[in-house]
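Student: Need a 3D model of the sequence below.
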Amino acid sequence: MRDYSGGIDMNLFNEEIEQQAIERIQKFAKIARAMGFEVCLGFSGGKDSQVCYDLCKRSGIDFKAYFNHCFESNITIRFIRENYPDVIYRRVVKEGFIRNIRINHRGFFPSVQSAYCCKDYKHNPESADDCSIVGVRKAESAKRRARTTFEAKNKTVMKRNKSLFNDYFEDRCQSIGTTGIIQLKPIIDWTDTDVWDYIKKYNLPVNTEYKTSKRVGCIVCPKADFASNSIGLMRYPKLIDAFILAKEKGGSKIDWMITSENLDCEDNKPYYICRWLNHSFMPFTKKQEVLYEKFREKYDNIKRNKDGK
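Tutor: The predicted structure follows:
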């Protein structure tokens, strides 16, 4: 977590990459206009999307910001509504995250291998933007280090519009693979420090989720590890019972087996849920075991108090 209590000489902030990002956005808007597209910004309430939103405003382009709502906390939802009232909320699947598991997926949990929650909410084809700006950065993960500033959907789109794309972006900045038609990542090469320094420099509001977590997103995620998910569980321990109920009422044959270990959790369903929330049933590390015991103590105390024991 970045500490803003000390003085930061903001004159040291690299204004060159800031101006570069604005120019990228302006170039992208020209391509969008030439192709007849509306520019759409993907907004999450996290620091990267905030910076992109501010850069888009400062660039002077016309755009709309969309928040594809999945399982974010009330803190994030309130933060967006209070600070970014023009952001448009969007959700194709009408059911919420847990109800979606029970109603539409018959109690089967999403997993690392089949993260249908991302497809249902974040990347639903019905809400895919043809022309989008996102806050993806290389520094976020090894997988994202291969991404480029500008992406087209496929080779056909790239070939048909190559001369147009080349007018604004060098070949080394172009690639294919985005779900829409074209996509821009204006802060692709920014570091975490660059992002936080920009927020400090322009006095942007900070989502209070960052007080307890390095990331802003869904309360829990089956693709994340238990260290990350335990933060949400400690805040909302009753989620365990909601997930158990979603599995039991989903209509499919109920199975509480962790198959990789041939471990039957019929009598320890909270453990099963917590293991699911560790990269989809990966074994706990020693540190994760400690986090699990800490959470389990809180969860069991709540259950005992509820039962009057």
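
Student: Please count neighbours and contacts with C-alpha atoms only from this point.
Tutor: OK.

Student: how about the helices in the stretch 201-309 of the chain?
Tutor: Counting by DSSP state H, counting those that start in this stretch, the segments of the stretch 201-309 of the chain that form helices are 226-235, 239-248, 269-276, 286-307.

Student: Quick check: which of the ones you listed is nearest to Asp194?
Tutor: Across those, the minimum distance to Asp194, taken as CA to CA, is reached by helix 226-235, at 23.5 Å.

Student: mind putting the helices of the stretch 201-309 of the chain in TSV, mean neighbour count and distance to Asn124 included?
Tutor: What follows is the helices of the stretch 201-309 of the chain, written out as TSV (neighbours: other CA atoms under 10 Å; distance: least, CA to CA, whole Å):
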stretch	mean neighbour count	distance to Asn124
helix 226-235	20	24
helix 239-248	18	22
helix 269-276	20	23
helix 286-307	14	32
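
Student: Select, out of those, the one closest to Ile80.
Tutor: Closest to Ile80 of the helices of the stretch 201-309 of the chain is helix 226-235 (CA to CA; 18.9 Å).

Student: Counting by contacts, list what that closest one packs against.
Tutor: Taking 3 or more CA pairs under 8 Å, 6 or more residues apart in numbering; DSSP states H and E as contact, the helices and strands that helix 226-235 lies on are helix 286-307.

Student: pLDDT on the helix it packs on, on average?
Tutor: For helix 286-307, the mean per-residue pLDDT is 93.

Student: Please enumerate the strands of the chain.
Tutor: Per DSSP state E, the chain has strands spanning 40-42, 64-68, 88-90, 131-133, 150-152, 174-176, 182-184, 257-258, 263-264. These are given in chain order.

Student: what's the least confident helix or strand in the chain by mean pLDDT in contact with?
Tutor: Counting by mean pLDDT, DSSP states H and E, the weakest-scoring helix or strand in the chain turns out to be strand 174-176, with a mean of 91. Around strand 174-176, the neighbours that count as contacts under CA atoms under 8 Å, 6 or more residues apart in numbering are Arg147, Thr148, Thr149, Phe150, Glu151, Ala152, Lys153, Asn154, Lys155, Met158.

Student: With stretch 254-265 instead?
Tutor: Outside stretch 254-265, the residues that touch it by CA under 8 Å, 6+ apart are Lys247, Glu248, Glu266, Lys269, Tyr271, Tyr272, Phe281.

Student: residues touching the fourth one, list them.
Tutor: When contacts are counted by CA under 8 Å, 6+ apart, Lys269 is found next to Ile244, Trp256.
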